[in-house]
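[1] Predicted model and sequence follow; I will ask about them next.
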Amino acid sequence: MVFVCTGNICRSPMAEVVFRGFAERSGLGDLVTSTSAGTGDWHVGERADGRTLDALARLGYDGTRHRARQFSLEDFDRNDLIVALDRSHERILASWARTPADTDKLALLLSFDAAAGGNLDVPDPYYAGPPMFDEVLGMIESASRALFRQLEPALRPASP
């Protein structure tokens with residue numbers, strides 16, 4: 001699975017790290033690949049924004065291994081699910097899709113979270129301060145938890 005935002009330094013790294021954390025804590029970490037990418041190439045190779053790393057650390061997550069990369073067409077082939085952080089990312093990804101099967105892999109992160117109340121866009125905290133990063137991380141954590149709960153039954157081995 002790949003989470004996608006604009007520059008791959010704020011929202012999508014949060015989602016990647018949080019989702020991986022849910023998988024690891026449930027004992028399913030070896031069965032889940034959680035990555036992230038940006039629609040743009042401005043930050044390729046950079047670490048996540050310092051405010052992202054700080055917000056993650058405040059909740060016990062480690063995002064220090066993250067390095068930004070741009071989404072590529074090969075991501076459609078490598079992933080069963082491509083999760084956009086807002087509708088602008090979803091539109092860009094849909095325009096890059098080569099086949100209906102590629103398009104069928106697209107989803108919005110907040111669409112998995114009933115608590116989002118119909119809001120489908122995770123706001124970009126880049127031009128805001130640390131409190132906004134914490135708020136965005138809370139949204140991402142809630143939606144990622146809901147997504148993980150939906151996927152978890154398919155990941156667990158069947159009982160004999």
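    Received the coordinates, thanks.
[2] how much space between Ala114 and Gln150?
    Ala114 sits at a distance of 11 Å from Gln150 (criterion: Cβ to Cβ, to the nearest Å). (Each C-beta comes from the backbone N, C-alpha and C, glycine too.)
[3] Help me confirm that Ala55 comes into contact with Met139.
    No - counting by Cβ atoms under 8 Å, Ala55 stays clear of Met139, with 11.5 Å between them.
[4] Show me what counts as buried in the longest helix along the chain.
    For the chain, the helix that runs over the most residues, judged by DSSP state H, is helix 130-155. Neighbour-count burial for helix 130-155, counted by 16 or more other Cβ atoms under 10 Å, picks out 132-133, 136-137, 139-148, 151.
[5] Please enumerate the helices of this structure.
    Residue ranges of the helices in the chain, as given by DSSP H, are 11-25, 50-58, 74-78, 87-96, 100-104, 130-155.
[6] who touches the fourth one?
    By Cβ atoms under 8 Å, 6 or more residues apart in numbering, the residues outside helix 87-96 that reach it are 4-6, 39, 71, 73, 76, 82, 84, 102-103, 106, 108, 120-121.
[7] next one: stretch 6-16
    The contact list for stretch 6-16 (Cβ under 8 Å, 6+ apart) reads 3-5, 34-40, 42-44, 46-49, 51-52, 55-56, 63, 66, 68-70, 83, 85, 88-89, 109, 122, 124-126, 133, 136-137, 140, 144.
[8] Buried only: go through these for me.
    Applying 16+ other Cβ under 10 Å to those flags 3-5, 34-39, 43, 47-49, 51-52, 55-56, 63, 66, 68-70, 83, 85, 89, 109, 122, 124-126, 133, 136-137, 140, 144 as buried.
[9] Output the below-cut-off pLDDT ranges for this structure.
    158-160 (pLDDT under 70).
[10] who's in contact with Phe133?
    10, 49, 51-52, 54-55, 125.
[11] right, I mislabeled it, should have said Ala115
    By Cβ under 8 Å, 6+ apart, the residues touching Ala115 are 142, 146.
[12] How much space separates it from Glu141?
    Applying Cβ to Cβ to Ala115 and Glu141 gives a distance of 11 Å.
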